[in-house]
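Asks: what would the 3D arrangement of this be:
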Amino acid sequence: MPSPLNIDDFLQGSGPILDVRSLGEYEQGHIPGAVSFPLFTDDERAQVGTCYKQVGREAAVELGFDIAGPKCGEFIRAAKALAPDRHIRVHCWRGGMRSGGMGWILELAGFTVHTLIGGYKAHRRWVRDTLASPKKIVILGGMTGSGKTLILQELAALGEPVLDLEALANHRGSSFGALLLPPQPSTEHYENLLAEQWAKLPSHRPIWLEAESRRVGTCRIPNELFAQMEAAPAVEVVRSLDERLDLLVEIYGEAAEADLVEATERIRKRLGGDRTQAAIQHIQSGNLRAACAIILDYYDRAYRHDLKRRGNVIPQVNIAGLSPQDSAQILIDKRSHLCSDAEAAIAAG
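Replies: So this is what the prediction gives:
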């Protein structure tokens, strides 16, 4: 019989993880790194579920064997390709019949199989618990175009603990944030990705995160993590407007005109009709820098409004003219002092 493991042992185990739920379930969210290895298609799963409700468990089990039986050889060959050493981990939604059935098939074929107690549902509980675990955080703030993401990348390269919220969401956090990036994950899977990274980060060293609202595009930052971000000290990097415009033109210069116009239209109500039209005209005439200058005015006002709402005085670091690497080194050098000032401001507020 396959050996059942709790979530911690399962995640730390050896061999590929086979997610035997349907493809639709997998795409909604899955254990990072798991391979979609469905016992049933979405339609087949629906058939078995309907049979279970209308006829009963015994009939549903028989139908499941009727559907899965002819696929057994295909399952075994696919598993051999994924795990030449024949060690494999298998899970379904609750750790029930689907993972048990697949585990039985593969074990008969000579595999060492471990199943997940509680299935993917247990993993989702682990995600919630992991994201709720407290850690030291430093929030990196700054106006749009300040190069915060590039600085975070350099901080990581210099050995600093970093959680890149935007990279995991495939989004830069503004109306234009999805341009030139892959599709976003579901919020459920975003939480899975965050928890995987959060579990790897140290609890004794400050972790750098970029200042974000509750949503990064369509992905929502889980409440457990966002509450820690709200209470954390923050520092703000400051660049000149010209530098910020240079960076935005560099980032979005390859985007299609139609996509830039669509992204601008999405903030029409907040930007204002006249400024929206002016920005669109600049985009259509090929003057992206002038369009960005108009759009930045809106984002700068929104940023200042948010700072005022929070009521905290955030220490600033002037990085005008500096490379992302030099900016990161300055932040590291000043981290203790900046965090002390930020924490004092929070206490005074």
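Asks: show me which positions of stretch 123-143 end up buried.
Replies: 123-124, 126-127, 130-131, 135-143 (16 or more other CB atoms under 10 Å). Quick note: C-beta positions are derived from backbone N, CA and C, even for glycine.
Asks: low-confidence ranges in this protein?
Replies: 310-312, 338-349 (pLDDT under 70).
Asks: break it down into its structural domains.
Replies: Domain assignment for the chain, taken from automatic domain parsing, gives 3-128, 133-348.
Asks: for the last one, the distance to its chain's centre please.
Replies: Here the centre of mass of C-alpha atoms in domain 133-348, compared against the chain's by CA atoms, centre = their mean, to the nearest Å, lies 15 Å away.
Asks: returning to that earlier point: now, the buried residues of stretch 123-143 that are in helices?
Replies: His123, Arg124, Trp126, Val127, Thr130, Leu131 (DSSP state H).
Asks: the fourth one: what's it in contact with?
Replies: Residues in contact with Val127 (CB atoms under 8 Å, 6 or more residues apart in numbering) are Glu191, Asn192, Ala195.
Asks: please repeat the previous calculation with a cut-off of 10 Å.
Replies: 7, 29, 31, 188, 191-196, 198-199, 222, 224 (CB atoms under 10 Å, 6 or more residues apart in numbering).
Asks: which of these lies closest to Ala167?
Replies: Leu193 (9.5 Å; CB to CB).
Asks: determine which two of the contacts of Val127 are furthest apart.
Replies: Ile31 and Glu224 (18.5 Å).
Asks: who has more neighbours out of these two?
Replies: Ile31 (24 against 19; other CB atoms under 10 Å).
Asks: that one belongs to a helix?
Replies: No: read with DSSP: H, G, I helix; E, B strand; the rest coil, Ile31 is coil and lies in no helix.
Asks: and stretch 233-248, what's buried?
Replies: For stretch 233-248, using 16+ other CB under 10 Å, the buried residues are Pro233, Ala234, Val235, Glu236, Val237, Arg239, Glu243, Arg244, Leu245, Asp246, Leu247, Leu248.
Asks: from the residues you listed, which ones fall inside helices?
Replies: Glu243, Arg244, Leu245, Asp246, Leu247, Leu248.
Asks: next, the contact list for the second one, please.
Replies: Going back to what we said before, that points to Arg244. Gly142, Met143, Thr144, Gly145, Ser146, Gly147, Val238, Cys292, Ala293, Leu296, Tyr299, Asp300.
Asks: now swap in the third one and tell me
Replies: When contacts are counted by CB under 10 Å, 6+ apart, Leu245 is found next to Gly145, Arg239, Leu288, Arg289, Ala290, Ala291, Cys292, Ala293, Leu296.
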